[in-house]
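Undergrad: I need the structure of the sequence given here:
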Amino acid sequence: MNNQIDASIPVLTEVILPEEIAAVKEPVTAPVAPETSSVTTNNVTDDRSEEDWQALEQTLHENVLRQVLARIDFVLEHRVRDSLADVLQIAVENLAGEIRTGLHKTLEEVITRAITQEISKVKSSK
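TA: I've put the predicted structure just below:
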């Protein structure tokens, strides 16, 4: 299993600041001068409408879903490939064993028949 963490996948311990969220989607409201901004470091408030928040939520949801699905595809592909390789290796080993056993049996029968025929020739020629 691959234990490396893909840097493009967000983790639950990441803190997303309101400024980073705003960078994901252009705000619908007009820009506010920094000295009159309603966002402070101690008290975070926002004048966005419910529609803005829903659009932002939808965008974040789609981005995270896309990243998770891409990672799932990657992990599943590797797990299937590894599992398939194991299954094929076992099947090849079993098939080789069956072929070897069949070949031994066939050779034994052919050699026994050839020896029997030679013995019969020797006996009939005397």
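
Undergrad: Can you get me a residue count around residue 126?
TA: By other Cβ atoms under 10 Å, 4 other residues sit near residue 126. Where C-beta positions appear, they are placed from N, C-alpha and C, glycine not excepted.

Undergrad: how close does it get to residue 119?
TA: Residue 126 sits 11 Å away from residue 119, going by Cβ to Cβ, to the nearest Å.

Undergrad: Same check on residue 87?
TA: Look at residue 87 and residue 119: by Cβ to Cβ, they are 48 Å apart.

Undergrad: swap in residue 74?
TA: 67 Å.

Undergrad: ok, now residue 58?
TA: Plainly put, residue 58 is 89 Å away from residue 119 if you go by Cβ to Cβ.

Undergrad: for the chain, which spans come out with low pLDDT?
TA: Across the chain, the ranges flagged by pLDDT under 70 are 1-46.

Undergrad: Could you list every helix and strand in contact with the strand or helix carrying residue 73?
TA: Assigned by DSSP states H and E, residue 73 falls within helix 50-125. If contacts are counted by 3 or more Cβ pairs under 8 Å, 6 or more residues apart in numbering; DSSP states H and E, helix 50-125 sits against helix 18-24.

Undergrad: Could you report the separation of residue 57 from residue 94?
TA: For residue 57, the distance to residue 94 - Cβ to Cβ - is 54 Å.

Undergrad: what do you get for residue 66?
TA: In terms of Cβ to Cβ, residue 66 sits 42 Å off from residue 94.

Undergrad: cool, and residue 114?
TA: From residue 114 over to residue 94 the distance is 31 Å, taken as Cβ to Cβ.

Undergrad: likewise residue 52?
TA: From residue 52 across to residue 94, the span is 62 Å (Cβ to Cβ).

Undergrad: Neighbour count: those two, which is higher?
TA: residue 52 (15 against 10).

Undergrad: So the more buried one versus residue 61, what's the distance?
TA: Residue 52 is 15 Å from residue 61, where distance means Cβ to Cβ.

Undergrad: burial of residue 122, as a residue count?
TA: Residues within reach of residue 122, counting by other Cβ under 10 Å, total 9.
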